[in-house]
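Chemist: I'll drop the sequence and a predicted model, then ask my questions.
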Amino acid sequence: MRSKTKSEKLEVRGEKGRQDKSFSVQNSQCLIPRLRFPEFRNEPSWPEHQLGDKAVILKGKGISKADLDPTGSQPCIRYGELYTRYSETISEVISRTKIPASELFLSNLDDVIIPSSGETKIDIAKASCVLANDIALGGDLNVIRSKLNGTFLSYYLNGPKRFDIAKVAQGDTVVHLYPHQLKALQVAVPSQPEQQKIAECLSLVDEAIAAQARKLDALKTHKKGLMQQLFPRKGETQPRLRFPEFQNAGAWTVLPLADLADRIMVGIASAATHAYCEAGVLMLRNQNIKEGGIDDSSLLFIDPDYEVAHKNKRLRTGDVITVRTGYPGLSAVVTERYKNAQCFTSLITRPKKDVLDSDYLCLYINSPIGRQFILGAEAGGAQKNVNVGALKTLEVYLPRLEEQRKIASCLSSLDDLITAETQKHEALKTHKRGLMQQLFPSPEEADA
C-alpha cells in the first residue's frame with residue numbers, strides 16, 4: 001500500500017478536505033499549528049517561505065554607550081538592551097541620544113530587531129518588535145522590515161524559530177548573526193488576520209505577566225521598607241516601628257552573635273564535590289539558599305561513606321545557614337524536612353533557643369543592618385567570602401524572645417505572600433511558553 005503524500009497528511013491532520021483550491025503548496029512546505037482559533041480552523045495551512053522572500057534585512061547604525069544622553073531628544077535602542085530590558089515588543093524606549101536623526105538609522109513601525117552579535121548562540125536569537133516610527137536603531141542590530149505583523153513575527157522568532165536561528169549563528173567567544181543567514185531562515189506565514197489574532201493573544205498574556213511582576217516587585221519593596229522600620233538602625237537602640245504590645249518594652253540589647261549561638265561553623269569543604277552521587281546524604285548548596293527559604297529544585301547527594309567523617313556538621317532543625325561566597329549573607333532556616341542534611345561550605349549558626357529565635361536571626365542577617373555588616377566583613381580577592389570569625393562578631397540587636405517571634409511572624413507571612421505571587425508569575429510564564437509551542441507550527445510534526 002502506498003504511503004500518503006505530504007499534502008494528504010495535511011488534509012488528514014485538520015483540513016478535513018476543505019482546503020481552498022486556489023491555495024498552492026508548490027515549492028513550499030505547509031504547516032498547521034496544534035492550536036488554532038475557531039475562525040481559522042478551516043483556513044489553509046501555513047505555507048513556508050524563506051524570510052528573505054517576505055522581508056528585507058537591514059542593519060542599524062552605530063550608537064555607542066558614550067552617545068547615550070538622558071537629555072537627548074532622539075529615542076534610541078542599542079543591541080545590549082534587547083538582552084536586559086526588552087521583551088517581544090518595545091512600546092516605550094528607555095535610552096536617548098543627542099546625535100542628529102539625519103546621522104542615524106530610524107525605525108519603521110513594526111520593524112523586528114535581532115542582535116547581530118552576542119555571547120552565546122542561543123542568546124543571540126532574541127527578537128523584539130519596535131512599535132513606533134523614527135526610533136534610532138544602533139549598530140549590531142539586524143532589522144527585519146516587512147509587511148508581516150511585526151508582533152507576530154517577534155513571538156514566532158523567539159519561539160519555535162529560536163533554535164533555528166541559533167544553529168546558523170557563527171562564532172565561539174563572540175557570536176555573529178548576519179543578514180544573509182536570516183534571509184535563508186524558513187518561516188511559515190498565515191493570513192494577516194490570523195497573524196494579528198496570535199499577536200493579540202500573546203500580547204495579552206505578556207501584559208498579565210508584566211502586571212504580576214509589578215505586583216511582586218511592590219510586595220518586595222514593601223518588605224524591604226518594613227525591615228528598615230522593624231529593626232533599629234546602627235547606633236540606635238529601638239526600631240522606628242514597633243508592635244503595640246511592645247511599645248513600652250524598653251530598649252533592645254546588642255550582643256555579638258557568638259554569645260547567642262551554641263555553635264557557628266562552616267559546612268563541608270569543597271572536597272565533597274568528589275563524593276556527589278545519585279542517592280545518599282542530602283547536600284544543600286549556595287543555590288538552594290533563598291531569602292524566602294530553601295529551594296529544593298536542584299538538590300544533590302553525597303556518598304554516605306565520605307559523610308561519616310562530617311557527622312558533627314549535620315544540620316538540625318532551626319539552624320540558620322548563610323551563604324559565604326557569591327551572594328554573601330543570604331540566609332535560610334533549616335526546617336524539619338532538611339534535618340540531618342549537610343551544607344556545602346556555607347556558614348551554620350545554631351542559635352541558643354532560650355534567647356534567640358532562628359527565624360528572627362535569619363531575617364536579621366537578611367535585613368539592611370545585617371547586609372551592611374556582611375558587606376563590610378567580606379574578605380578575599382576576586383572571590384569575596386565571609387568566614388566564621390567575622391560572623392561571630394556580628395552585632396545582633398535583640399528584643400525579648402516574644403518580640404523577636406512577632407517580628408519574624410510578620411515578615412514570614414509577607415514572605416509566604418511573596419512566594420505565592422512568585423508562583424503565579426512563574427505559572428503565567430509557563431502558560432505563555434505552552435501557548436507559543438501550540439500556536440506556531442512545527443516542521444517535525446508535518447513530517448510525522
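Modeler: Received, thanks. Residues are numbered from 1 along each chain as shown.

Chemist: got a list of contacts for stretch 259-267?
Modeler: For stretch 259-267, the external contacting residues (Cβ atoms under 8 Å, 6 or more residues apart in numbering) are 257-258, 284, 313, 321, 324, 342-352, 355-356, 361, 387-388, 391-392, 396, 398. Using the backbone N, CA and C atoms, a C-beta is placed for each residue, glycine as well.

Chemist: mind redoing it with 6 Å?
Modeler: Stretch 259-267 is contacted from outside by 343-352, 355-356, 388, 391-392, 396, using Cβ atoms under 6 Å, 6 or more residues apart in numbering.

Chemist: so for that stretch, mean pLDDT?
Modeler: The pLDDT scores in stretch 259-267 average 94.

Chemist: and it, what's buried?
Modeler: By neighbour count on 16 or more other Cβ atoms under 10 Å, the buried set for stretch 259-267 is Leu260, Ala261, Ile264, Val266, Gly267.

Chemist: circling back to that earlier point, restricted to buried residues, select the contacts of stretch 259-267 in ChimeraX.
Modeler: Remark: buried members of these, expressed as a ChimeraX selection using 16+ other Cβ under 10 Å:
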select :343,344,345,346,347,348,349,350,351,355,356,391,392,396
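
Chemist: in strands, which of the contacts of stretch 259-267 appear?
Modeler: Counted as lying in strands by DSSP state E, out of these, are Cys343, Leu347, Ile348, Thr349, Arg350, Pro351, Val396.

Chemist: which one of those residues is nearest Glu278?
Modeler: The nearest member of these to Glu278, counting by Cβ to Cβ, is Cys343 at 19.2 Å.

Chemist: could you find the closest non-adjacent residue to the closest one?
Modeler: Gly267 (3.8 Å; Cβ to Cβ, 6 or more residues apart in numbering).

Chemist: distance of that neighbour relative to Val386?
Modeler: 13 Å (Cβ to Cβ, to the nearest Å).

Chemist: also Ala218?
Modeler: Computed with Cβ to Cβ, the distance linking Ala218 and Val386 is 31 Å.

Chemist: so which of these two has more stuff around it?
Modeler: Set Ala218 next to Val386 and count neighbours by other Cβ atoms under 10 Å: Val386 wins out with 23 against 11.

Chemist: looking at this, Tyr86 is in a strand?
Modeler: No. With DSSP: H, G, I helix; E, B strand; the rest coil as the criterion, Tyr86 is located in coil rather than a strand.

Chemist: phi, psi of the closest residue to Leu398 other than its chain neighbours?
Modeler: Leaving aside its sequence neighbours, Leu398 sits nearest to Thr253 (Cβ to Cβ, 6+ apart; 4.9 Å). When quoted as degrees, to the nearest 10, the phi and psi of Thr253 stand at phi -90, psi 160.

Chemist: again with the one 4 residues further on
Modeler: Reported as degrees, to the nearest 10, the phi and psi values for Leu257 are phi -60, psi -30.

Chemist: that one contacts Leu394, doesn't it?
Modeler: Yes. Leu257 lies in contact with Leu394 (Cβ atoms under 6 Å); the separation is 4.3 Å.

Chemist: okay, those two: which has more neighbours?
Modeler: Taking other Cβ under 10 Å, Leu257 and Leu394 do not tie; Leu394 has more neighbours (25 against 22).
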